[in-house]
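**Student:** please work out how this folds:
(one chain, ligands or ions: 1)
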Amino acid sequence: MTDLKEIIQNAALSHNLENSQITAILKDDSINDFLFACADKVREKYVGNEIHLRGLIEFSNICKCSCKYCGIRKENTSVERYRLSENEIILLAQKAKQYGYKTIVLQSGEDSFYSTEKMISIIKKIKSMDFAITLSIGEKTYDEYKAYKDAGADRYLLRIETTDENLYKNMHPNMSFENRINCLKNLKKLGFETGTGCLVGLPGQSIESLANDILFFKELNADMIGLGPFIPAPDTPLKNETGGTLTLALKVMALTRLLLPDINIPATTAMETLAPDGRIIALKSGANVVMPNVTDENCKQKYTIYPGKAGLNNTPEEYKSCITSKIESIGRKISNGYGFRNKF
Ligand code: 5AD
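**Tutor:** The predicted structure follows:
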């Protein structure tokens, strides 16, 4: 057995790696299948064969941020903007109920139209429908996060995007790395199941910094990690850059599973966008969550974070039956539970 394989095998038991080891694994593609198989075993041992489906509602594509990679950044005038009303959001949640989803993920751009008061009202209504609630609505104050938590929100997704501070500054004009870290700490402190993650393959992103990203997830003891390849979006400053690869994103994900064996890791839409079976490959390489989009056709088409987003041509009904049979075809089953992290 090669040294790297031995390191991977040990990490599958110790759940620890150093930056230099992660970097070496990320740089060597001869051990990929071994890495994916080990991550798959760790996934099975710690979180089992059930897959949690989370119904995703993209309720507004209006954003005050200027993230250079993002297709819905505020400078992008070619995007047709939309905002859903509370009633429209509740109707989508009712649909998600019919599909049997136990979690609603409310995601939007950073849109200040949704005041704390409005969010509290939406959260309480969805909570009364017996859902677990995940929010993914960006950087807010401690008090705002607390208000969401008190209203019944259970989880919060806020990707760090990159832990390389210089790259972070370059990618996120007028934003502060320190504040993003603070937000994550506040979410943890408030008792949210906290999700973070990074983009893989950003221009100027080093392999060493990706290794640091993985170690950051471990240090934060994140409850959920979402990872995806960077996909160049039209009408953004990065439109002509080279995107990230599915393979590297899968490797970062598999290593994250080795280090955080009991967390929830979605097979992300960005992965599916780069390969027709990207999600299934991810589910066989460490992932245990899928987030089907329940946003209606018209809005879904406008939530253009990046181009070619997978699932745009399927109705939520079609998607549910398609993902169910795919999941069953790889010997896994859909969970009936809420899918909280079961800390080991
Ligand atoms: N390619 C891939 N992922 C992207 N995101 C934003 N823009 C892109 C892109 N061009 C991701 C960010 C964000 C999440 C909601 O979508 O990581 O946190």
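**Student:** what does the stretch 151-300 of the chain put close to the ligand?
**Tutor:** 159, 161, 199, 228, 230-231, 233, 270 (CB under 6 Å from any ligand atom). Every C-beta, even on glycine, is put in place using the N, C-alpha and C of the backbone.
**Student:** apply 5 Å and report the result again.
**Tutor:** Neighbours of the ligand within the stretch 151-300 of the chain, by CB under 5 Å from any ligand atom: 159, 199, 228, 230-231, 233, 270.
**Student:** go on, the stretch 1-150 of the chain?
**Tutor:** Contact residues, the stretch 1-150 of the chain versus the ligand (CB under 5 Å from any ligand atom): 69-70.
**Student:** now the strands for the stretch 1-150 of the chain?
**Tutor:** All strands of the stretch 1-150 of the chain, identified by DSSP state E, counting those that start in this stretch, fall at 50-60, 103-108, 132-136.
**Student:** redo those strands as TSV? Include mean pLDDT and mean neighbour count.
**Tutor:** Listed next are the strands of the stretch 1-150 of the chain as TSV, based on pLDDT from 0 to 100; neighbours: other CB atoms under 10 Å:
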stretch	mean pLDDT	mean neighbour count
strand 50-60	98	24
strand 103-108	98	24
strand 132-136	99	23
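**Student:** mind checking which of the ones you listed is nearest residue 279?
**Tutor:** Nearest of these to residue 279, taken as CB to CB: strand 50-60 at 10.2 Å.
**Student:** using PDB, write out every CA atom in that closest one.
**Tutor:** C-alpha atoms of strand 50-60 as PDB (Å, rounded to 0.1, in the frame of the first residue of the first chain):
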ATOM      1  CA  GLU A  50     -30.500   6.800   4.900                       C
ATOM      2  CA  ILE A  51     -30.500   9.900   2.700                       C
ATOM      3  CA  HIS A  52     -32.200  13.100   4.000                       C
ATOM      4  CA  LEU A  53     -34.100  15.200   1.500                       C
ATOM      5  CA  ARG A  54     -34.400  18.900   2.200                       C
ATOM      6  CA  GLY A  55     -37.000  20.900   0.300                       C
ATOM      7  CA  LEU A  56     -35.200  24.100  -1.000                       C
ATOM      8  CA  ILE A  57     -37.200  27.300  -1.500                       C
ATOM      9  CA  GLU A  58     -35.200  30.100  -3.200                       C
ATOM     10  CA  PHE A  59     -37.500  32.900  -2.100                       C
ATOM     11  CA  SER A  60     -35.700  36.000  -3.400                       C
END
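**Student:** can you check what pLDDT the model gives the residue lying closest to residue 97 once chain neighbours are set aside?
**Tutor:** Nearest in space to residue 97, with sequence neighbours left out and distances taken as CB to CB, 6 or more residues apart in numbering, is residue 129 at 6.2 Å. Each residue has a pLDDT score; the one for residue 129 is 98.
**Student:** any idea how far the ligand is from residue 28?
**Tutor:** Distance, residue 28 to the ligand, using CB to the nearest ligand atom, to the nearest Å: 25 Å.
**Student:** count of neighbours near that residue?
**Tutor:** Residue 28 is flanked by 15 other residues according to other CB atoms under 10 Å.
**Student:** quick one: residues contacting the spatially closest residue to it that is not a sequence neighbour.
**Tutor:** Leaving aside its sequence neighbours, residue 28 sits nearest to residue 4 (CB to CB, 6+ apart; 5.8 Å). By CB atoms under 8 Å, 6 or more residues apart in numbering, the residues touching residue 4 are 24-25, 28, 31.
**Student:** go through the residues you listed and say which is closest to the ligand.
**Tutor:** Comparing the contacts of residue 4 against the ligand with CB to the nearest ligand atom picks out residue 25 as the nearest, at 22.5 Å.
**Student:** the closest one contacts residue 34, correct?
**Tutor:** No. In this structure, residue 25 is not within contact of residue 34 by CB atoms under 8 Å, at 9.8 Å.
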